[in-house]
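# Curious how this folds, go ahead:
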Amino acid sequence: MALNYNLSKVYALSDNDPEFVMQIITLFVTEVPLDLKQIHLGIKNKDHKLAYAYAHKIKPTLDLLGMTMAHEEILQVEAWTRAEGKKKEIDATFESIENQIEKAIKEIKKDFEI
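Got it, this is the predicted structure:
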């Protein structure tokens, strides 16, 4: 049983198509860690536009995978980028998102033998 993600929206969207589900989770496992690195780079270098672009990119994926808390926190990152906030204001939020995504990826790899 999945603890760190929920595929109910993916199954509903795909009419229970297992190939589509595999495509979505494979993209999540391969693409989102790279996008997270870009968000981190944007935060670290105070490149708010870079951080926003990648936060905005992964936002729908977090929602689709039922990662409600991470989705809410990525909205906070977007708000932080628009306000051009200070790095220390968003560090803990980013770490939380990163931790949740890492747990979900680890669990997905185990559950789907990726």
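# Run through the protein and note the low-pLDDT ranges.
Across the chain, the ranges flagged by pLDDT under 70 are 1.
# All the helices of it, residue numbers only.
Along the chain, the segments classed as helices by DSSP state H run 8-14, 18-44, 48-64, 68-83, 91-112.
# distance between the first one and the chain's centre?
So that's helix 8-14. Helix 8-14 sits 17 Å away from the centroid of its parent chain (Cα atoms, centre = their mean, to the nearest Å).
# hmm, who's touching that helix?
20-21, 24-25, 63-66 (Cβ atoms under 8 Å, 6 or more residues apart in numbering). C-beta: built from backbone N, CA, C; applies to glycine.
# Does residue 90 touch residue 77 like I think?
Yes. Using Cβ atoms under 8 Å, residue 90 is in contact with residue 77, at 6.1 Å.
# Of these two, give the one with the bigger neighbour count.
Higher neighbour count among residue 90 and residue 77: residue 77, with 25 against 21, using other Cβ atoms under 10 Å.
# The closest residue in space to the more buried one that isn't next to it in sequence - how many residues pack around it?
The shortest distance from residue 77 to any non-neighbouring residue, by Cβ to Cβ, 6 or more residues apart in numbering, is to residue 55 (4.4 Å). Applying the criterion other Cβ under 10 Å, we find 27 residues in the vicinity of residue 55.
# Identify the residues contacting residue 55.
Counting by Cβ under 8 Å, 6+ apart, residue 55 has contacts 39, 74, 77-78, 81.
# Fine by me, we can end here.
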